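Engineer: have a look at this prediction, sequence included:
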There are 2 protein chains.
Amino acid sequence: MASTGHSTAATSEMDEEKEAPPPQDLTLGWVRDALIRQEDSIVFALIERARFPYNAHVYDPSLLPQQGGRSLVEAFARGAEVLQAKFGRYQNPEEVSFFPDDLPPPSGIPYNFPEVFHPASASVTVNNAIWNMYFNDLLPLFTVEGDDGNYTSTAAADLVCLQALSRRIHYGKYVAEVKFRDAPQDYMTAIRAKDRDALMKLLTFEAVEEMVKRRVLKKAMVFGQTVTLEDKTFDDETKYKVDPAVVAHLYDEWVIPLTKDVEVEYLLRRLD
Amino acid sequence: MASTGHSTAATSEMDEEKEAPPPQDLTLGWVRDALIRQEDSIVFALIERARFPYNAHVYDPSLLPQQGGRSLVEAFARGAEVLQAKFGRYQNPEEVSFFPDDLPPPSGIPYNFPEVFHPASASVTVNNAIWNMYFNDLLPLFTVEGDDGNYTSTAAADLVCLQALSRRIHYGKYVAEVKFRDAPQDYMTAIRAKDRDALMKLLTFEAVEEMVKRRVLKKAMVFGQTVTLEDKTFDDETKYKVDPAVVAHLYDEWVIPLTKDVEVEYLLRRLD
């Protein structure tokens, strides 16, 4: 380890999977690589949240009367978004706030993010649906019951999960934009007719979806295993930090459908 | 996925590696399991930071004049610690603040964390050393040069790394406490003589340290690989998101020595 300066070992990997803003000549390959990389982030975030038990107090709006009926996680997430907005997080059109009404203007370091999205479509958000899905449906499936007092760390871990899911799902805007650019004629009739079903059909590739589900299941197995110095193979006895079936279910039931909702909403505004 | 209610699949894993506050009958086995689990968190955090290029603007104190000479990452970390302190993060003695002088009192949900640490030793901190090591030494080794404008997300990812490293290194307090309780006579002479070298020698087990380094190297390979649906093996051509040698170097050069510094400082105050 005599090397100084920046890492070069990871360069080719980074080239394949970089998450920098896409070039104006956006390609479906670029978007797919970014989506694949974000699967890792989502699995890591779930595993890190699963370090803590459910910690029901975090979600009970009656326990923080000074927060005006907001649960600890909601009060924390709002505070974290205010802080992050101040330093410019939401200048990047990939980042979508859960509580956009209360954000201060950015006073951080300016950066000129490329305008890739069609202006009328850029503001599409399904963050309310993501928030409700995460707390009502997903969280109980991958946490164990219990209370260890780490309420702030739990809320922070929830926010990392929510932000990773939100970024992934709102990448549907890139998917929609690149598909529209590649074949505008295919979409225009359905957009003009406001035909959501036709758009959904144009955007659905079941074989690809099946592959994504199988890949995230495998990632949950690889990243959620207990790594020891002994070699071992996966078998029925292997315990994972997050049940891989839950991660596949997350994609099947929510991530993929919500992404397509974003794509449809984006396209419906694409000619405005 | 018809199951409702809380996950049971992960229960036995959680029992092995839980990070809840330890019982009063603290054991070295419990502490070691927690340290092993935290290796995963550190590797995940480094991989997630490596999604972004170095982003030098984040570390340049001249770019945010309204922050009084603080870089974006410092201003962000201070703001995040204030927010987290308010909701109670630092009520847990495992969590050590980087900027403890500016924290508000907690106004979150109270929790009675067990008092495990000797009171005179509980406040030991090496967070200044961790902060300087992370930014001056470690960060350039695992990020690629470049600027993608994601300054807030970069700073947030840095803070996740710093907090994971800080928690791991300050777990030295548990290590020191359990070793002292197991054999107080072995340590008392060196503590009374304020003999740091003798304490360091008592706390050093090279075979264990070698095993830890080999294990984190392997974790960086497993968690930092590109998982595809095809089976594959690790070879010289495999690209990792963070160079596994850097992770082993991090443990060798900084995590293990700083943990032992915490242990020595803890023990020096253990009879006060």
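Structural biologist: The structure has been received and is ready for your questions. Residues are numbered from 1 along each chain as shown, chains lettered A, B, ... in the order given.

Engineer: and A:Q225, what does it touch?
Structural biologist: Taking C-beta atoms under 8 Å, 6 or more residues apart in numbering or on different chains as the definition of contact, the neighbours of A:Q225 are A:F234, A:T238, A:Y240, A:K241, B:V222. In this view, the C-beta of every residue, glycine as well, is placed from N, C-alpha and C.

Engineer: out of those residues, the closest to A:E209 would be?
Structural biologist: Sorting those by distance to A:E209 puts A:Y240 at the head of the list, at 22.5 Å, by C-beta to C-beta.

Engineer: may I have the predicted confidence score for the closest one?
Structural biologist: A:Y240 carries a pLDDT value of 96.

Engineer: count the neighbours of the residue nearest to it when sequence neighbours are not counted for me.
Structural biologist: Leaving aside its sequence neighbours, A:Y240 sits nearest to A:G224 (C-beta to C-beta, 6 or more residues apart in numbering or on different chains; 3.9 Å). The local packing count at A:G224 equals 25, with neighbours defined by other C-beta atoms under 10 Å in any protein chain shown.

Engineer: longest helix in chain A, by residue count?
Structural biologist: In chain A, with assignment by DSSP state H, the single longest helix is helix A:28-49.

Engineer: which other helices and strands does it contact?
Structural biologist: Counting by 3 or more C-beta pairs under 8 Å, 6 or more residues apart in numbering or on different chains; DSSP states H and E, the packing neighbours recorded for helix A:28-49 are helix A:11-17, helix A:139-142, helix A:151-170, helix A:172-182, helix A:206-223, helix A:244-250, helix B:28-49.

Engineer: if you set the cut-off to 10 Å instead, what comes out?
Structural biologist: helix A:11-17, helix A:139-142, helix A:151-170, helix A:172-182, helix A:206-223, helix A:244-250, helix B:28-49, helix B:206-223 (3 or more C-beta pairs under 10 Å, 6 or more residues apart in numbering or on different chains; DSSP states H and E).

Engineer: quick one: buried residues of the shortest one?
Structural biologist: Looking back up the chat, that one is helix A:139-142. A:L139, A:P140, A:L141, A:F142 (16 or more other C-beta atoms under 10 Å in any protein chain shown).

Engineer: and these, which is closest to B:G172?
Structural biologist: Among the buried residues of helix A:139-142, A:F142 lies closest to B:G172 (C-beta to C-beta), at 30.7 Å.

Engineer: I'd say the closest one and A:D243 touch.
Structural biologist: Yes - counting by C-beta atoms under 10 Å, A:F142 sits close enough to A:D243 to count as a contact (6.5 Å).

Engineer: in helices, which of the contacts of A:Q225 appear?
Structural biologist: Of the contacts of A:Q225, the ones assigned to helices by DSSP H are B:V222.

Engineer: which among the contacts of A:Q225 end up buried?
Structural biologist: A:Y240, A:K241, B:V222.

Engineer: residues in contact with the last one?
Structural biologist: In other words, B:V222. By C-beta atoms under 10 Å, 6 or more residues apart in numbering or on different chains, the contact list for B:V222 reads A:V222, A:F223, A:Q225, A:V227, B:D40, B:V43, B:F234, B:Y240, B:P244.

Engineer: next, give me the two most distant ones among these.
Structural biologist: Based on C-beta to C-beta, the longest span within those runs between B:D40 and B:F234 and measures 18.0 Å.

Engineer: which residues touch A:V178?
Structural biologist: Taking C-beta under 10 Å, 6+ apart as the test, what A:V178 contacts is A:P22, A:D25, A:L26, A:T27, A:L28, A:G29, A:W30, A:V31, A:R32, A:V116.

Engineer: how about a cut-off of 8 Å?
Structural biologist: Under the criterion of C-beta under 8 Å, 6+ apart, the contact list for A:V178 reads A:L26, A:T27, A:L28, A:V31.

Engineer: do the same with A:R270
Structural biologist: Neighbour list for A:R270: A:H118, A:A120, A:S121, A:A176, A:E177, A:F180, A:Y187, A:I191 [criterion: C-beta under 8 Å, 6+ apart].
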